[in-house]
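K.L.:
Let me see the structure of the following:
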Amino acid sequence: MRSRSFSCQRLLAVFFCSLFALVSVVAPASAAMVSTEQLLGVEDNLPAPAEVRASLQARLVAMGVPGDDAQQRVAALNDQQVIQVATALDEDPAGGGIVTVAAVIFLVLLWTDIMGYTDVFPFVNKSPNGSQGPIVTEN
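P.N.:
Below is the predicted model:
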């Protein structure tokens with residue numbers, strides 16, 4: 001009996017030692033000083049704001065915005081906003097949030113109908129006694 005207990009302890013000790021050895025391996029971190037010139041050099045890769053303004057205005061006109069409105073809208077933005085809008089214009093759907101709003105409204109109305117506060121959906125099972133308010137079961 002003692003040999004089984006000893007072999008089980010030994011097996012657990014080997015397991016936890018190997019687990020500790022695997023977990024304790026740490027990858028080295030590398031860091032370097034970054035100069036201001038290097039950080040400013042990143043901004044040099046961006047196109048000039050005037051070019052971005054012109055292309056953004058042309059893209060707005062292509063999407064159906066009248067020319068004067070497109071010019072006023074682009075002129076009202078600062079350089080950072082122009083670059084942000086220009087990069088996100090193709091990615092953001094027009095009116096894409098309406099599906100989410102409709103789903104939330106449906107779920108809220110469904111919940112209130114299930115709880116018995118409203119009578120909006122005919123497919124929701126009502127309480128057998130036809131009472132208004134939450135369904136209460138008696139013990």
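K.L.:
ok, how many other residues are close to Ser86?
P.N.:
Not quite, residue 86 is Ala, not Ser. 19 (other C-beta atoms under 10 Å). Every residue, glycine included, has its C-beta placed from N, CA and C.
K.L.:
What separation is there between it and Leu56?
P.N.:
According to C-beta to C-beta, to the nearest Å, Ala86 stands 5 Å off from Leu56.
K.L.:
Low-confidence ranges, this structure, go.
P.N.:
1-6, 41-46, 92-96, 126-139 (pLDDT under 70).
K.L.:
That one - how does it break down into domains?
P.N.:
46-88, 95-139 (automatic domain parsing).
K.L.:
Go through the protein and flag its longest helix.
P.N.:
In the chain, with assignment by DSSP state H, the single longest helix is helix 2-23.
K.L.:
C-alpha coordinates for that helix, CSV please?
P.N.:
C-alpha atoms of helix 2-23 as CSV (Å, rounded to 0.1, in the frame of the first residue of the first chain):
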residue,chain,number,x,y,z
ARG,A,2,2.8,2.3,0.8
SER,A,3,4.4,1.8,-2.6
ARG,A,4,1.3,3.0,-4.4
SER,A,5,1.1,6.1,-2.3
PHE,A,6,4.8,6.8,-2.8
SER,A,7,4.5,6.3,-6.6
CYS,A,8,1.5,8.6,-6.8
GLN,A,9,3.3,11.3,-4.8
ARG,A,10,6.4,10.9,-7.0
LEU,A,11,4.2,11.1,-10.2
LEU,A,12,2.6,14.3,-8.9
ALA,A,13,5.9,15.8,-8.0
VAL,A,14,7.3,15.1,-11.4
PHE,A,15,4.2,16.5,-13.1
PHE,A,16,4.2,19.7,-11.0
CYS,A,17,8.0,20.2,-11.5
SER,A,18,7.7,19.8,-15.2
LEU,A,19,4.7,22.1,-15.3
PHE,A,20,6.6,24.7,-13.2
ALA,A,21,9.6,24.4,-15.6
LEU,A,22,7.4,25.0,-18.6
VAL,A,23,5.5,27.9,-17.2
